[in-house]
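Provided below for reference: sequence and predicted model.
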Amino acid sequence: MKNVASLPLQSTTSSLANPVFIGGPTAASLQGYAFTYLVRGSVVLTAALSNYILEHVGFAAPWLPWMVLMPMMSIIQTIRARRQKQQGLTSTTATDSTMRLLQKSFLLLLLVAMVCACFVGWEVIHPLLLIAYGVSTYVAGRVLRFRSLQWGGVVCGVLGAMTLVLPEDTQLLFIAAAMLGSYIIPGYLLRKHSQA
């Protein structure tokens, strides 16, 4: 009969000793994050500005850009993620695993917020979502050790707090500004950094 001391350690420590699981993100994964931030930021900025414009010209369904653009963005990102996985470009470093967990957590929060908006209204949910965007962007900046994302998260959180006292249509302009400051500009800088 074997005791614990005689069991081989390799099976229990192999994943920890594997250098693939250690360290920061690869250049390819940084480019992937840059793409994600640029696409998400651009789509949300476009939807928010379109909603604002359609609302002010008297369109019956000013929220329609959200219903079209958000699913399209999800489809594009899903196709891209599958292609990367098939090509073996999906990284398994601790940083990348943390980033995937952060993105999944934010997606869950977004779905819960959408359901809650049916009961309390978007005027309450918009500021909370912007603050959540800010927190997740700041955390992503810390995980990736990329200061531009951290500052973008702070900008987004501050704009989210400011929207608490604004009417719903003006909140849309703050959402657009927040996406520019927290997703699009840091995403562009992250892409440049990953190519350096």
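Cool, the structure landed.

tell me the secondary structure at the residue nearest in space to the middle of the chain.
Central residue of the chain (CA atoms, centre = their mean): Gln103, 5.5 Å from the mean position. Look at Gln103: counting by DSSP: H, G, I helix; E, B strand; the rest coil, its state is helix.

which ones are touching it?
Applying CB atoms under 8 Å, 6 or more residues apart in numbering, we find Gln103 in contact with Thr36. For the C-beta atoms, the positions are set from N, CA and C on the backbone; glycine is no exception.

again, but for Arg40
73, 179, 183 are the contacts of Arg40 under CB under 8 Å, 6+ apart.

and which of those residues is nearest Gln31?
Tyr183 (15.5 Å; CB to CB).

still on that earlier bit, now restrict the contacts of Arg40 to buried residues only.
By neighbour count, with 16 or more other CB atoms under 10 Å, those hold 73, 179, 183 as buried.

ok, of those residues, which one's closest to Gly160?
Met179 (11.6 Å).

give me the element the closest one is part of.
helix 168-179 (DSSP states H and E).

before we move on, the earlier item: same list (the contacts of Arg40) but as a markdown table, adding pLDDT and distance to Glu168.
Formatted as a markdown table, these follow (pLDDT from 0 to 100; distance: CB to CB, whole Å):
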| residue | pLDDT | distance to Glu168 |
| --- | --- | --- |
| Met73 | 89 | 22 |
| Met179 | 95 | 17 |
| Tyr183 | 94 | 21 |
